[in-house]
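1. here are the coordinates; sequence isn't available:
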């Protein structure tokens, strides 16, 4: 398996899901403070699987369009300009 150390500006493309992820900041550039990525999903695409980050908080800003969010037992739609934490 190839190990990937992310660097600012690196783009990851998933041709199956049609997604793109761009690293905006990394643990290396923030002294381990956080990682920031911009993730782009196609309309009506497959969402990421339900998962849990036990010691991390994910913060989202919807840049355009809308997305359905599942957060624990809660389900809601976030529209462009809205921010939320998971």
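-> Nice, I can see it. Here the structure is a predicted model, which means the values were calculated and not measured.
2. make it CA atoms for all contacts and neighbour counts henceforth
-> Will do.
3. what's the closest non-adjacent residue to the spatially most central residue of the chain?
-> For the chain, the residue nearest the mean C-alpha position is residue 39 (4.9 Å; CA atoms, centre = their mean). Counting by CA to CA, 6 or more residues apart in numbering, residue 39 lies nearest to residue 21, which is 4.4 Å off, once chain neighbours are set aside.
4. would you mind measuring from residue 83 to residue 46?
-> 21 Å (CA to CA, to the nearest Å).
5. before we move on, what about residue 4?
-> On the measure of CA to CA, residue 4 and residue 46 end up 24 Å apart.
6. the residue nearest to residue 39: which element?
-> strand 19-25 (DSSP states H and E).
7. again, but for residue 12
-> strand 11-14.
8. shaky segments in the chain?
-> For the chain, applying pLDDT under 70 flags the ranges 1.
9. would you state the strands of it in chain order?
-> 11-14, 19-25, 36-40, 59-61, 66-71, 74-79, 83-85 (DSSP state E).
10. mind listing residues that contact the fifth one?
-> Read that as strand 66-71. 50, 75, 76, 77, 78, 79, 80, 86 (CA atoms under 8 Å, 6 or more residues apart in numbering).
11. report the beta-bridge partners for the nearest residue to the first one once chain neighbours are set aside.
-> Taking CA to CA, 6+ apart as the measure, residue 50 lies nearest to residue 70, with 8.0 Å between them; neighbours along the chain are not counted. For residue 70, the beta-bridge partners under DSSP bridges are residue 75.
12. if I pick residue 60, what's in contact with it?
-> 83, 84, 85.
13. export those residues as CSV, with columns for distance to residue 61 and neighbour count.
-> Below are the contacts of residue 60 laid out as CSV (distance: CA to CA, whole Å; neighbours: other CA atoms under 10 Å):
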residue, distance to residue 61, neighbour count
83, 4, 12
84, 7, 12
85, 9, 9
